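Novice: no FASTA, just this:
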């Protein structure tokens, strides 16, 4: 076939693909950017009720991605106008440094409530971006076991894989009693019951980790146990 002729595979003249956009054709973002003008107007008005109504019109992820362009005072006003669950989703979509700066303006109890809704890796990323003084203020509001977990993860270097590990896994003891020799073995149904009852506390449920006390004895994929 002569060069420059459109062929069966869709190549246009000059060898360019027929589906490729022209140089003058604008490239459109696959993810639509929402118009947050109602939020901007509510912030400008200084009316807290209007701001609460405005933020409800948008997904938390859209609000979170927009935080980096705003002054910290506006970010704080938006966070004050949103409930904890949606606020956590907003922080998850923001850059960890932006989220850390914002939480530095919030009291420790609410900061802990917001972080509690986040997956552990996001929580650690935000805490790792905070100054030591900010961390110390928040640490006092953590439950001792949660603080121990966070401290252990933050002890890893920033680029280490250990920093993004989560202890909130699907775990099931192999037997139902204190002694594996005397107790009945658990079934796949028992493991699924544990998953259902602890769904809010389990972040990773791809595999079930089967243990004898503190000892790991096996890993069962979810697709096998169902």
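Specialist: In hand now; what should we look at? Please read all numbers here as calculations on a predicted model, not as lab measurements. Residues are numbered from 1 along each chain as shown.
Novice: check which helix or strand covers the residue nearest to residue 130 when sequence neighbours are not counted.
Specialist: Counting by CB to CB, 6 or more residues apart in numbering, residue 130 lies nearest to residue 100, which is 4.6 Å off, once chain neighbours are set aside. Bear in mind the C-beta positions are built from the backbone N, C-alpha and C, glycine included. Take DSSP states H and E as the rule and residue 100 turns out to sit in helix 96-103.
Novice: list the contacts of residue 57.
Specialist: Neighbouring residues of residue 57 by CB atoms under 8 Å, 6 or more residues apart in numbering: residue 38.
Novice: from residue 33, how far out is it?
Specialist: Distance from residue 57 to residue 33, counting by CB to CB, to the nearest Å: 15 Å.
Novice: what's the answer for residue 46, then?
Specialist: 26 Å.
Novice: do the same with residue 215
Specialist: 51 Å.
Novice: these two touch, right, the residue nearest to residue 130 and residue 126?
Specialist: Yes. The criterion here is CB atoms under 8 Å, and residue 100 meets it with residue 126 at 5.1 Å.
Novice: these two: which is more packed in?
Specialist: residue 126 (25 against 20; other CB atoms under 10 Å).
Novice: picking up where we left off before, next SSE downstream of the helix holding residue 100?
Specialist: helix 108-116.
Novice: which strands and helices sit next to that next one?
Specialist: In terms of contacts (3 or more CB pairs under 8 Å, 6 or more residues apart in numbering; DSSP states H and E), helix 108-116 is packed against helix 84-93, helix 96-103, helix 120-128, helix 132-139.
Novice: show me what that helix is in contact with.
Specialist: 84, 87-88, 91, 103, 106, 123, 126-127, 137-138, 140-142.
Novice: mind redoing it with 10 Å?
Specialist: 79-80, 82-85, 87-92, 99, 102-106, 122-124, 126-127, 130, 134, 136-143, 146-147, 150 (CB atoms under 10 Å, 6 or more residues apart in numbering).
Novice: how far off helix 84-93 does that helix point, in degrees?
Specialist: Here helix 108-116 runs at an angle of 70 degrees relative to helix 84-93 (axes from the mean of the first three to the mean of the last three CA atoms, to 10 degrees).
Novice: mind listing what's buried in helix 108-116?
Specialist: 108, 111-112, 114-115 (16 or more other CB atoms under 10 Å).
Novice: let me have those residues in a markdown table, extended by distance to residue 70 and pLDDT.
Specialist: Listed next are the buried residues of helix 108-116 as a markdown table, based on distance: CB to CB, whole Å; pLDDT from 0 to 100:
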| residue | distance to residue 70 | pLDDT |
| --- | --- | --- |
| 108 | 23 | 91 |
| 111 | 19 | 94 |
| 112 | 24 | 91 |
| 114 | 18 | 95 |
| 115 | 21 | 91 |
